[in-house]
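# Return atomic coordinates for the entry below.
(chains A and B)
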2 protein chains.
Amino acid sequence: MSEIDIAEVRAWAREAGAYARRHFNNVTAERKADRSWVTRADVEIEDLLRARIAACYPEHGVIGEEQGGGDLDSEYVWCLDPIDGTGAFVAGLATWCVSIGVLRRGEPYLGVIYLPILDDCYWADVEGPAFRNNERITVSDTTLIDSNDWISVSSNAHRQFRIDFPGKTRSLSSIAADCCYVARGSSLGALIGRANLWDLAAGFAILRAAGAVVMGLSGAPVAVASLLDSRKLAEPIVIGPPQLIEALRTSISRK
Amino acid sequence: MSEIDIAEVRAWAREAGAYARRHFNNVTAERKADRSWVTRADVEIEDLLRARIAACYPEHGVIGEEQGGGDLDSEYVWCLDPIDGTGAFVAGLATWCVSIGVLRRGEPYLGVIYLPILDDCYWADVEGPAFRNNERITVSDTTLIDSNDWISVSSNAHRQFRIDFPGKTRSLSSIAADCCYVARGSSLGALIGRANLWDLAAGFAILRAAGAVVMGLSGAPVAVASLLDSRKLAEPIVIGPPQLIEALRTSISRK
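All right, here's what the predicted structure looks like:
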């Protein structure tokens, strides 16, 4: 039994998502220092989630996209992306989501990702399995890649990568959503170019429970714990089912 | 005043979309001869729309993705894509839509595109302007392209095109949706690689009303009327605002 009540975390994600949805298509976006978008909804949702966590788990650490982190030496660290895919949110697309991950001693422990427009909640805890709403999900068991199979890639992949994948590529504008569509077996994999801890923590917990593997583009393993310090991936990563990961990885190279 | 009651066409699109939505995430997909997906919902929605059109406009021609066409010499020809973006529909993504276009003497006359998951209806008739639901929309007036601006590209663009666009690329999995996001000024443009008349007819009417222009990748004009015979684009096309179209077009080349 997990130390954290995941049903409650799902309820928080839905509460946050409903709040964001009220701002959808009615949003004033501003640019952050890195030129990416931020909205008032991002900031207010992070506040809301921090308040819920502080009330229930006051001894846990929290790191969030908008406000940074504290107590990262705690046994449990919550990793919050109030709106992952703010670009999609601003553009009127549906793939933005609320991403709530928990690490325990630096390893993925629990993940809840809620896509309000689709009303899809993906979740898993350390004991598995992974779910979309109340339905169990697993990665694809395909061994042969068809021209209609797809992977998701980052939205600047056209500038950074050479991709020889024989199927389709889509960019969902949200790393958390990338993880969910791989976990449900809908996409065969994902190439994630540039990510922070809060983009990945929830997705990694769900992917592991769904049977996916994660690998650096160089083939090196991905140490999630190291993200607690650097907060950014050292290199692009590829995620996918075990039987396809090597084929996916070698079909992609840096330009 | 248009010869066709566009409010009624919007109601048909919503009726069709509601029907499709009931099958969403609960779908049995089959492969067509070209290996693309088709579902029972595609076929049944085209039947539904054909019945509505035949009842109200019996003298009009109709061409649809699933059942082909008849009476294409009529003054008015309806061009139906019951679910544009069946791949997105099957994958559990939100960008699939019902696309209903009308040509008059081979030229775009009216377009209605409904995205059920987002509950967004885009529409315009020959007199303009273009709308998303009840709000007027126009293409972007940007003159400088920022790194967070985006265009949509086809999902096999990574195999077919070299794209030097300095912003982001997204693939929405639906040509009709590509047109809508350009028309509302959310994306700066779109590269459409391979399209049939039913993918484009509604979108072209909405784009024209929103101030967009359409151009072949070679710079040649696009003759919509010719699609009534060949049904397929002669070359990839680029769509976007007039002030950006040449920059977009020249940033893309075939591999």
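
# What is the neighbour count of A:Q243?
A:Q243: 13 surrounding residues under other C-beta atoms under 10 Å in any protein chain shown. Bear in mind the C-beta positions are built from the backbone N, C-alpha and C, glycine included.

# Quick one: classify it as helix, strand or coil.
Secondary structure, DSSP: H, G, I helix; E, B strand; the rest coil: A:Q243 is coil.

# What score does it have for pLDDT?
Note on A:Q243: pLDDT of 98.

# what's around the residue lying closest to it once chain neighbours are set aside, how many residues?
Leaving aside its chain neighbours, A:Q243 sits nearest to A:T143 (5.6 Å; criterion: C-beta to C-beta, 6 or more residues apart in numbering or on different chains). A:T143 has 9 neighbours, counted by other C-beta under 10 Å.

# again with the one 4 residues further on
Other residues within reach of A:S147 by the criterion other C-beta under 10 Å amount to 13.

# near chain B, which residues of the stretch 51-200 of chain A?
Contacts of the stretch 51-200 of chain A with chain B, taken as C-beta under 8 Å from any C-beta of the partner chain, map to A:87, A:91-95, A:117-118, A:120, A:146-148, A:150, A:153, A:155-159, A:163-166, A:168-173, A:181, A:184, A:186-187.

# Do you have the strands of the stretch 101-250 of chain A handy? List them.
For the stretch 101-250 of chain A, applying DSSP state E, counting those that start in this stretch gives strands covering A:107-115, A:120-125, A:130-132, A:135-137, A:150-152, A:161-163, A:168-170, A:189-192, A:213-216, A:237-240.

# how about A:L49, secondary structure?
Per three-state DSSP, A:L49 ends up helix.

# pretty sure it contacts A:W12?
Yes: between A:L49 and A:W12 there is a contact under C-beta atoms under 8 Å: 6.1 Å.

# Of these two, which one has the most company?
Legend: neighbour count by other C-beta under 10 Å for A:L49 and A:W12, higher for A:L49 (23 against 20).

# and that one, what does it touch?
Going by C-beta atoms under 8 Å, 6 or more residues apart in numbering or on different chains, A:L49 touches A:12, A:16, A:64, A:78, A:80, A:82, A:100.

# how about 6 Å then?
Residues in contact with A:L49, defined by C-beta atoms under 6 Å, 6 or more residues apart in numbering or on different chains, are A:L80.

# and if you look at A:K232?
Contacts for A:K232 (C-beta under 6 Å, 6+ apart) come out as A:N196.

# again with A:W150
By C-beta under 6 Å, 6+ apart, the residues touching A:W150 are A:167-168, A:170, A:187.

# per-domain residue ranges of chain A.
Annotated domains of chain A cover A:6-136, A:150-254 [automatic domain parsing].

# Need the distance between the two termini of the longest one.
Read it as domain A:6-136. Across domain A:6-136, the terminal residues are separated by 15 Å (C-alpha to C-alpha, to the nearest Å).

# List the contacts of the residue nearest the centre of chain A.
Geometric centre of chain A, nearest residue: A:A176, 2.2 Å, by C-alpha atoms, centre = their mean. By C-beta under 6 Å, 6+ apart, the residues touching A:A176 are A:84, A:97, A:99, A:113, A:203.

# Need the per-residue pLDDT for it.
Looking at A:A176, its pLDDT reads 98.

# Can you get me a residue count around A:R105?
11.

# so what's it closest to, chain neighbours aside?
The shortest distance from A:R105 to any non-neighbouring residue, by C-beta to C-beta, 6+ apart, is to A:E75 (6.2 Å).

# Out of the contacts of A:W150, who's the most crowded?
Compared across the contacts of A:W150, A:S187 has the highest neighbour count, 29 neighbours, by other C-beta under 10 Å.

# how far away is the closest residue in space to it that isn't next to it in sequence from A:Q67?
In this structure, A:S187 finds its nearest non-sequential neighbour in A:Y181, 4.3 Å apart by C-beta to C-beta, 6+ apart. Plainly put, A:Y181 is 28 Å away from A:Q67 if you go by C-beta to C-beta, to the nearest Å.

# Check A:S99 too.
Remark: distance between A:S99 and A:Q67 (C-beta to C-beta) = 15 Å.

# neighbour-wise, which of the two wins?
Each of A:S99 and A:Q67 has its neighbours counted (other C-beta under 10 Å); A:S99 has more, 34 against 14.

# Contact partners for the more buried one?
Applying C-beta under 6 Å, 6+ apart to A:S99 gives the contacts A:81, A:84, A:113, A:176, A:202.

# neighbour-wise, which of these leads?
Neighbour count (other C-beta under 10 Å) singles out A:A202 as the most crowded of the contacts of A:S99, with 35 neighbours.

# My guess is it contacts A:Y114. True?
No: using C-beta atoms under 6 Å, A:A202 is not in contact with A:Y114, being 9.7 Å away.

# Where does the prediction get shaky in chain A?
A:1-2, A:27-38, A:230-231 (pLDDT under 70).

# Can you list the residue ranges for helices in it?
Secondary structure of chain A (DSSP state H): helices located at A:6-23, A:40-56, A:86-91, A:157-160, A:175-183, A:197-210, A:227-230, A:245-250.

# For the last one, buried residues please.
Of the residues in helix A:245-250, A:245, A:248-249 count as buried by neighbour count, 16 or more other C-beta atoms under 10 Å in any protein chain shown.

# and of these, the nearest to chain B?
Nearest to chain B among the buried residues of helix A:245-250: A:L248, at 13.1 Å, using C-beta to the nearest C-beta.

# Without its sequence neighbours, what residue ends up closest to that closest one?
For A:L248, ignoring the flanking residues on the chain, the nearest one in space by C-beta to C-beta, 6+ apart is A:G189 at 4.5 Å.

# before we move on, what about A:E15?
With C-beta to C-beta, 6+ apart as the criterion, A:E15 has its nearest non-adjacent residue at 7.1 Å, and that residue is A:L48.

# number of nearby residues for that neighbour?
Close neighbours of A:L48, defined as other C-beta under 10 Å, add up to 17.

# Equivalent analysis for A:R104, please.
Around A:R104 there are 17 other residues, counting by other C-beta under 10 Å.

# Quick check: chain neighbours aside, which residue is closest to it?
For A:R104, ignoring the flanking residues on the chain, the nearest one in space by C-beta to C-beta, 6+ apart is A:Y76 at 5.5 Å.

# just A:A91 next, same as before
B:S186 (4.6 Å).

# Next one: the one you found from B:W78, what distance?
Taking C-beta to C-beta, one finds B:S186 at 27 Å from B:W78.

# Could you give me the buried positions within stretch A:193-213?
A:193, A:195-213.

# do stretch A:13-31 as well
Buried-residue list, stretch A:13-31, by 16+ other C-beta under 10 Å: A:13-17, A:19-20, A:23-24, A:27, A:29.

# which residues are contacting stretch A:58-70?
A:42-43, A:46, A:50, A:53, A:71-72, A:74, A:76-81, A:198.

# distance between stretch A:215-222 and the chain's centre?
Centroid displacement of stretch A:215-222 relative to its chain, using C-alpha atoms, centre = their mean, to the nearest Å, is 18 Å.

# Could you tell me the end-to-end distance of it?
Length of stretch A:215-222, first residue to last, C-alpha to C-alpha: 6 Å.

# mind listing what's buried in it?
Neighbour-count burial for stretch A:215-222, with 16+ other C-beta under 10 Å as criterion, is recorded at A:215-217, A:222.

# Among these, find me the one that's closest to A:I4.
Set against A:I4, the nearest of the buried residues of stretch A:215-222 by C-beta to C-beta is A:V222 (23.3 Å).
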